[in-house]
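1. Output the structure for:
(2 chains)
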Amino acid sequence: MQSGKQESDIPIKVRFAPSPTGYPHIGNIRTALFNWLFARHYGGRFILRIEDTDTARKVEGATQTILDSLIWLGLNWDGKPYFQSQRLHLYHEVIQRLLQEGHAYRCYCSRQRLEKVRQEQMRQKQPPRYDHHCRYLSDQERSKLEASGINSVVRFKTPLEGETSFCDLIRGQISFQNGTLDDFILLKSDGYPTYHLANVVDDHSMNISHVLRADEWLSSTPKHMLLYQSLGWQPPQFAHLPMILGPDKSKLSKRHGTTAITEYKEQGYLPQAMINYLALLGWSLDDKTEFFSQEELVKNFSLERVGKAGAIFNKEKLTWMNGVYIRQLSLEEFTQQALPFLNRDLPASVKRPLDNNYIRQVMPLIQERARTLVDVSQLADFFFLEELPYSTTLLLSSKIEASVAMHSLRIVQVTLQSLSTWDAASLEISLRPLAPELGLSTRKFFGLLRSAITGRTASPPLFQTMEVLGKKRCLQRFANSQKVLSNSLMEKS
RNA sequence: GCCCUCAUCGUCUAGAGGCCUAGGACGUCAGCCUUUCAAGCUGAAGAUCAGGGGUUCGAAUCCCCUUGGGGGCACCA
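-> The predicted model follows:
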């Protein structure tokens, strides 16, 4: 009727059991992560089981995406993944046993009848449940239906009385009145088991010691307990994890947009940051530590510190954390990570292959400013573009009169033409004194140069940027920007 | 409708009877730094601990009720 004591002598074995009816999202992966952490912490096993018993809703490519997601995050599983579709014989054996021992029965009701019953129950504000129609069929009726070749399903004969309880490792003792439970279906008419049957049979046959799954399964746990009981099997320990919620506090779903975990990879998030952030959704070590390496998580993880309340996924904090992780990367690592994004996102006009040596010079200026890897191309594109999309408003954004700006750019160009050593320090030495000479504040003066050099008002430090760009490009940009200004002046007059 | 469950700043959370005039982080705002941005630093605003009853010398912490949220109630998982 119940379990609950910690059986420490039983080897730890957990499973991640996704169904390939969609791509794994944050919530699925958080469940995988907690299972993985639990297994690794206790030196147990973490297995992967694909619950592909819904032939109708199966999504092509979902299984591969599940594997890819886990690999990306470094959540390595033990052994080969199991597929329930390849284990049908096992479920059928158990069904035979349950049928023979009177714990289950065949149900011949049509979907139409079931729907009608449900409608009626709803109308009367009754809980929608199977009305036991086939539970009490006489032998004659049964063999008659059987002979007619009509399709049937197998239902569990849920006890009408009594209660079923179990001890959840996170929530404590939980009990349900059996009378409120349904005669749920074990085997569908297509011969595939339902989740309830398959998960119980597999968890037992795979010696799963702990089932860590999302909260949404809490209310079907008594059904599973009843099944274990009628099969005479020792149930595993259960721990129902708090759910990850959408911004509207409801269960994550397509309604909330993207969220396939692979999407975050595309969006330039680092797996380390993803893991770290996800671990903090529902688990915490103390009141201040928030950065954990994978090893530190494994070392410190425990179910005792998993909370009970659902958590809203906050992308802003993930992005902040990702930025911190990006800045912690070595320059070499960062460059390697950024390269595919540069190749993908830089305009087609930029020649490929990209110049590795040049990129290596650009990246230090970008790394400390990027919060995601997709930021990189956006932050760095002016380093690669031949023609900058200038506008007079941009060039004059530091509120300098057009004629003054043109004159200043001209002076700068002449000054730099003769500069022999092109590095940030030399550039600063020759340029900084020009501001007072031109009667401009450094703020305005450098602002003007910045827009001419980068085509934008915000950029990495001016002199370093110019050093990396090189003399030729810089002089060209000063010339081009003067041209734009003079054109607009002529138009006006 | 029925069953289960949850409840601390906008968000993630610390808090397991006195350390709490409730701590940290993201975000927000302000200041500093500064050629801009980012980063960094400093500071501020932000939670009558959902509400009401108990228990106790003492409750965010224990109990009860109420309210609110969430989940489940499929031949889906």
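2. Tell me the spacing between residue A:314 and residue A:247.
-> Going from residue A:314 to residue A:247 by CB to CB, to the nearest Å gives 9 Å. For the C-beta atoms, the positions are set from N, CA and C on the backbone; glycine is no exception.
3. contacting residues for residue A:195?
-> Residues counted as contacts of residue A:195 (CB atoms under 8 Å, 6 or more residues apart in numbering) are A:19, A:51, A:53, A:220.
4. Name the member of these with the most neighbours.
-> Scoring the contacts of residue A:195 on neighbours with other CB atoms under 10 Å, the highest-scoring entry is residue A:53 at 24 neighbours.
5. and residue A:260, how far is that from residue A:247?
-> In terms of CB to CB, residue A:260 sits 17 Å off from residue A:247.
6. Looking at these two now, which is surrounded by more residues?
-> Between residue A:260 and residue A:247, counted using other CB under 10 Å, residue A:260 has the larger neighbour count: 18 against 11.
7. is the more buried one in a bridge, and if so with what?
-> Under the criterion DSSP bridges, residue A:260 forms beta bridges with residue A:25.
8. Wait, it touches residue A:27, no?
-> No. Assessed by CB atoms under 8 Å, residue A:260 is found out of contact with residue A:27, at 11.3 Å.
9. which among the contacts of residue A:195 gets closest to residue A:146?
-> Nearest to residue A:146 among those, counting by CB to CB, is residue A:53 at 24.2 Å.
10. What residues does the residue nearest to that closest one when sequence neighbours are not counted make contact with?
-> Among residues not flanking residue A:53 along the chain, residue A:192 sits closest, at 4.6 Å (CB to CB, 6 or more residues apart in numbering). For residue A:192, the contact set (CB under 8 Å, 6+ apart) comprises A:53-55, A:85, A:88.
11. same check, this time on residue A:464
-> By CB under 8 Å, 6+ apart, the residues touching residue A:464 are A:365, A:424.
12. now residue A:445
-> With CB under 8 Å, 6+ apart, residue A:445 has these contacts: A:408, A:434-435, A:438.
13. Of these, which pair is most distant in space?
-> A:408 and A:435 (8.9 Å).
14. Compare those two (neighbour count), which wins?
-> Remark: of residue A:408 and residue A:435, residue A:408 carries more neighbours, 24 against 18, as counted by other CB under 10 Å.
15. Give me the pLDDT for the more buried one.
-> Among the per-residue scores, residue A:408 holds a pLDDT of 96.
16. Chain neighbours aside, what residue packs nearest to it?
-> residue A:438 (5.1 Å).
17. So which residues on the stretch 151-300 of chain A come close to RNA strand B?
-> Neighbours of RNA strand B within the stretch 151-300 of chain A, by CB under 7 Å from any atom of the strand: A:151, A:153, A:171-172, A:174-177, A:180, A:182, A:185, A:188-190, A:192-195, A:215-220, A:242-243, A:245, A:248-251, A:280-282, A:284, A:286-288, A:290.
18. And for the stretch 1-150 of chain A?
-> Those residues of the stretch 1-150 of chain A that sit near RNA strand B, judged by CB under 7 Å from any atom of the strand, are A:17-19, A:21, A:51, A:53-54, A:56-57, A:109-111, A:114, A:118, A:125-130.
19. just to revisit the earlier point, show the buried residues in the residues of the stretch 151-300 of chain A next to RNA strand B.
-> Neighbour counting with 16 or more other CB atoms under 10 Å marks A:153, A:174, A:176, A:185, A:188, A:192-195, A:215, A:218, A:220, A:242-243, A:245, A:251, A:280-282 as buried within these.
20. Where helices are concerned, which of these count?
-> Residues of these located in helices (DSSP state H): residue A:195.
21. now, which of the buried ones among the residues of the stretch 151-300 of chain A next to RNA strand B lie within strands?
-> Of those, the ones assigned to strands by DSSP state E are A:153, A:174, A:176, A:185, A:245.
22. what would those residues look like in a markdown table with pLDDT?
-> Below are those laid out as a markdown table (pLDDT from 0 to 100):
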| residue | pLDDT |
| --- | --- |
| A:153 | 97 |
| A:174 | 95 |
| A:176 | 95 |
| A:185 | 98 |
| A:245 | 93 |
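23. Can you tell me which of those is nearest residue A:450?
-> Nearest member of these to residue A:450, counting by CB to CB, is residue A:245, at 43.3 Å.
24. Can you give me the distance of residue A:307 to residue A:281?
-> To residue A:281, residue A:307 is 9 Å away according to CB to CB.
25. Show me where the stretch 201-350 of chain A dips below the pLDDT cut-off.
-> A:257-258 (pLDDT under 70).
26. go with 80
-> Regions of the stretch 201-350 of chain A meeting the criterion pLDDT under 80 cover residues A:254-259.
27. Now do the strands in it.
-> A:210-214, A:237-241, A:244-245, A:311-312 (DSSP state E, counting those that start in this stretch).
28. how about the residues of the stretch 301-450 of chain A that lie near RNA strand B?
-> A:304-305, A:307-312, A:314, A:316-317, A:320, A:323-324, A:327, A:368-369, A:428, A:442-443, A:446-447, A:450.
29. Can you list the buried residues in the helix or strand where residue A:30 lies?
-> Assigned by DSSP states H and E, residue A:30 belongs to helix A:26-41. Within helix A:26-41, the residues that count as buried by 16+ other CB under 10 Å are A:26-41.
30. Please apply the same query to stretch A:107-117.
-> Residues of stretch A:107-117 classed as buried by neighbour count (16+ other CB under 10 Å): A:107-109, A:114, A:117.
31. contacting residues around the closest residue to residue A:187 other than its chain neighbours?
-> Take residue A:187 and drop its neighbours on the chain: the residue closest to it by CB to CB, 6+ apart is residue A:154, 4.0 Å away. Residue A:154 sits next to A:95, A:98-99, A:104-107, A:185-187 when contact means CB under 8 Å, 6+ apart.
32. Just the buried residues of those residues.
-> Neighbour-count burial (16+ other CB under 10 Å) is assigned, among the contacts of residue A:154, to A:95, A:98-99, A:104-107, A:185-187.
33. quick check, nearest of these to RNA strand B?
-> residue A:185 (4.1 Å; CB to the nearest atom of the strand).
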